[in-house]
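*Asks:* Structure for this input, please:
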Amino acid sequence: MAFLSFIYKYGIWISIPAFIFFVILLIICITGVVRTGRQARLLSVPLADRQEIEFIEAGKVVLCMEGPILSRRFAKLEYELTGPDGVSATSRPVLFRASTTSLTKAKMELRVYEVTHLGRHIFQIRGLGG
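*Replies:* This next block holds a predicted model:
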């Protein structure tokens, strides 16, 4: 009971340093997440109907598109990643799409590709039009 009365009596003096500590901890966590997101980016290219990409490691690759906020620009597009052997890489849609929004742009995860062969791959976008 003495502990609760101590917290009741000095709660405001305890909460101020605790609040400052947790704000500093939150800032450290947010900067760590932003740094990790920047380091995880493999490639950033302009939108074109055909791109050549070279992979030096096998594994999963997530396709993200970036464009204006509330744009439907990427709604009807089809994507294909063809390996150096001419076989399309297996892909699946992202179940829980992560999106990042700034003041002018939004970035959204679209598909996950399984890259099994190393080397130059061809990435094609169908339905891009003009």
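*Asks:* Strands along this structure, start to end?
*Replies:* For the chain, the strands defined by DSSP state E occupy 50-55, 59-68, 78-82, 90-93, 99-101, 105-115, 119-126.
*Asks:* Confidence-wise, which of the ones you listed is weakest overall?
*Replies:* Note on the strands of the chain: lowest mean pLDDT is at strand 99-101, with a mean of 75.
*Asks:* That strand pairs with which strands?
*Replies:* Neighbouring strands of strand 99-101 in its sheet, by DSSP bridges, are strand 105-115 (antiparallel).
*Asks:* quick one, the partner strand and strand 50-55 angle?
*Replies:* Counting by axes from the mean of the first three to the mean of the last three CA atoms, to 10 degrees, strand 105-115 points 60 degrees away from the direction of strand 50-55.
*Asks:* buried stuff in strand 105-115?
*Replies:* By 16 or more other CB atoms under 10 Å, the buried positions in strand 105-115 come out as Met108, Glu109, Arg111, Tyr113, Val115. Every C-beta, even on glycine, is put in place using the N, C-alpha and C of the backbone.
*Asks:* Brilliant, that's me finished.
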